[in-house]
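In: generate coordinates for the sequence data below:
(chains A and B)
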There are 2 protein chains.
Amino acid sequence: MPKRVDHQAQRARIADALMRVAAHQGLEGVSLRHVAAEAGVSTGMVQHYFRTKDEMMVFALDMVGRSVQARLAAAAPDGVPAPRELVRALLVQMLPLDEERAAESRVALAFFAHAAVRPHVAAELRENTVVLRAFFADQIRTAGRASDPDLAATALLALVDGLGVHVVGGHYSPEHALAVLDAHLDTVFGPRVQV
Amino acid sequence: MPKRVDHQAQRARIADALMRVAAHQGLEGVSLRHVAAEAGVSTGMVQHYFRTKDEMMVFALDMVGRSVQARLAAAAPDGVPAPRELVRALLVQMLPLDEERAAESRVALAFFAHAAVRPHVAAELRENTVVLRAFFADQIRTAGRASDPDLAATALLALVDGLGVHVVGGHYSPEHALAVLDAHLDTVFGPRVQV
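Out: Alright, predicted model coming up:
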């Protein structure tokens, strides 16, 4: 009986290798050859799952997105959280506050740079942020303090992405970035309620 | 008499080629070979001026910085501008609002991604932002509205870098980014005075 190949596991193995390469060597390290070496498989095997580097990049970004969503589901406050609490819980998962999230931020940053000169790749990323911006705008609208919830939502996402870029560049600490986020949330949702 | 080589002009020519390659093809396009081809010189000539890719990247980012400063000097309001006016004039020059600034933003983004996995390169970038953050914090302190000028200054720079990343990624228009910046400046400096 021929050996059954577990395609899902094989793909996940290659994807994990891709994430490690992108996180530690940046965009330039993401090549069929490097990813194959990291995964301990042939370049032909990698090509079987990902035909192009763009496909690898999109898949890696998707993995980051799933990972963020999984952490969010685990971290979600019980019951129906207040808008600020919910928005903050989500944004905190997007900041490079620990090594796992720093690796993801480096992957996301490599992807932003990659997509900035490849409009067809950028489309994938745009869809994610449209959904996210609409969600944030709804929460901000519910809180009822911002004069323009859509602008406020764009600002929140840009702020968090900018903070992420600066933290992985070593400009300041994750703690400073978190303090900046909390101060910004005060202006959007009003001062925190002390409990 | 031997022909005199104008080193400054030669370096500038290569640097211009480097900028064009980085802006249009991204980080991956920046190689000795591509830059030499774009400048119409030999790879040996490029190596004479830039020993490594890191040196080229740092030089390119420095050129972006000089270009922003030159535009700022030209755009600076007459007399002693109010803090908001001064801060806005500077930030607007950092946003990808036209093709020149979009090209610079793509170079800066490529550099951020490059530096995120190379701590020794990141140091160069950090110095710039430390100076800029301190300047913004001073202006915000002078305006006297923010409870923590240092956090507010970090937020401003992160917001503008994040908006730049999103605009060059085609997530939204430069006009939307500018509207977000103005709304944010309202929260930092108070509502605009209508004249």
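
In: for A:Val121, give its distance to chain B.
Out: 9 Å (Cβ to the nearest Cβ, to the nearest Å). No exception for glycine: its C-beta is placed from N, CA and C like everyone else's.

In: typed the wrong thing, it's A:Leu181
Out: 8 Å.

In: do the same with A:Leu32
Out: 14 Å.

In: and if you look at A:Val80?
Out: 27 Å.

In: just after the helix or strand of chain A with the lowest mean pLDDT, pick out the following helix or strand.
Out: Here the helix or strand of chain A ranked lowest by mean pLDDT, DSSP states H and E is helix A:53-75, holding a mean of 76. Going down the chain from helix A:53-75, the next helix or strand is helix A:83-94, by DSSP states H and E.

In: is chain B contacted by that following helix?
Out: No: under the criterion of Cβ under 8 Å from any Cβ of the partner chain, chain B is not reached by helix A:83-94; the shortest gap measures 11.1 Å.

In: now do that helix: distance to the chain's middle.
Out: 13 Å (Cα atoms, centre = their mean, to the nearest Å).

In: so where's the longest helix in chain A?
Out: Criterion DSSP state H: the longest helix present in chain A is helix A:119-143.

In: in that helix, what's buried?
Out: Going by neighbour count (16 or more other Cβ atoms under 10 Å in any protein chain shown), the buried part of helix A:119-143 is A:121-122, A:124-126, A:129, A:132-133, A:136-137, A:139-141, A:143.

In: can you tell me which of those is nearest B:His184?
Out: Proximity of these to B:His184 (Cβ to Cβ) peaks at A:Ile140, which lies at 13.5 Å.

In: check the gap between that closest one and A:Leu185 for me.
Out: 10 Å (Cβ to Cβ, to the nearest Å).

In: repeat that for A:Ala115.
Out: Distance from A:Ala115 to A:Leu185, by Cβ to Cβ: 28 Å.

In: nearest to A:Pro191, of the buried residues of helix A:119-143?
Out: Nearest member of these to A:Pro191, counting by Cβ to Cβ, is A:Ala143, at 12.4 Å.

In: and stretch A:140-160, is it in reach of chain B?
Out: Yes: applying Cβ under 8 Å from any Cβ, one finds stretch A:140-160 touching chain B at A:147-148, A:151-152, A:154-155, A:157-160.

In: now do the same for the closest residue to A:Asp54 other than its chain neighbours: its pLDDT.
Out: Of all residues not flanking A:Asp54 in the chain, A:Val121 sits nearest, at 5.3 Å (Cβ to Cβ, 6 or more residues apart in numbering or on different chains). Note on A:Val121: pLDDT of 72.

In: what is the longest helix of chain A packed up against?
Out: helix A:53-75, helix A:83-94, helix A:99-116, helix A:149-168, helix A:174-189 (3 or more Cβ pairs under 8 Å, 6 or more residues apart in numbering or on different chains; DSSP states H and E).

In: just to revisit the earlier point, surely the residue nearest to A:Asp54 meets A:Phe59?
Out: No: look at A:Val121 against A:Phe59 with Cβ atoms under 8 Å: they stay out of range, at 11.7 Å.

In: show me the contacts for A:Ala152.
Out: A:136-137, A:140, A:146, A:188, B:183 (Cβ atoms under 8 Å, 6 or more residues apart in numbering or on different chains).

In: can you rerun that using 6 Å?
Out: Counting by Cβ atoms under 6 Å, 6 or more residues apart in numbering or on different chains, A:Ala152 touches A:140, A:146, A:188.

In: pLDDT check: weakest of those residues?
Out: Within these, pLDDT is lowest for A:Ala146, at 87.

In: specify the local secondary structure of that residue.
Out: Secondary structure assignment for A:Ala146 (DSSP: H, G, I helix; E, B strand; the rest coil): coil.

In: now do the phi/psi pair for it.
Out: phi -80, psi 140 (degrees, to the nearest 10).

In: please look at it and A:Ile140 and confirm they touch.
Out: Yes: checked against Cβ atoms under 6 Å, the pair A:Ala146 and A:Ile140 is within contact range at 5.0 Å.

In: show me the shaky parts of chain A.
Out: Applying pLDDT under 70 to chain A flags the ranges A:1-5, A:26-29, A:76-79, A:124-125, A:193-195.

In: show me how it divides into domains.
Out: Per the record, chain A has its domains at A:1-51, A:53-189, by automatic domain parsing.

In: now find how far off-centre the first one is within its chain.
Out: This points to domain A:1-51. 20 Å.

In: how about A:Ala137: what's its closest non-neighbour residue?
Out: The nearest residue in space to A:Ala137 (Cβ to Cβ, 6+ apart) is A:Ala153, at 3.9 Å.

In: what do you get for A:Asp16?
Out: Per Cβ to Cβ, 6+ apart, closest to A:Asp16 is A:Ala39, 7.4 Å.

In: where's the one you found relative to chain B, distance?
Out: Relative to chain B, A:Ala39 is positioned 19 Å away (Cβ to the nearest Cβ).

In: ok, that residue - contacts?
Out: A:13-14, A:17.

In: change it to 10 Å
Out: A:10, A:13-18, A:20-21, A:45-46 (Cβ atoms under 10 Å, 6 or more residues apart in numbering or on different chains).

In: in PyMOL, how would I select the buried members of these?
Out: A single PyMOL command selects the buried members of the contacts of A:Ala39 (16+ other Cβ under 10 Å):
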select buried, chain A and resi 10+13+14+15+17+18+20+21+46
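
In: that's all I had, so thanks and see you.
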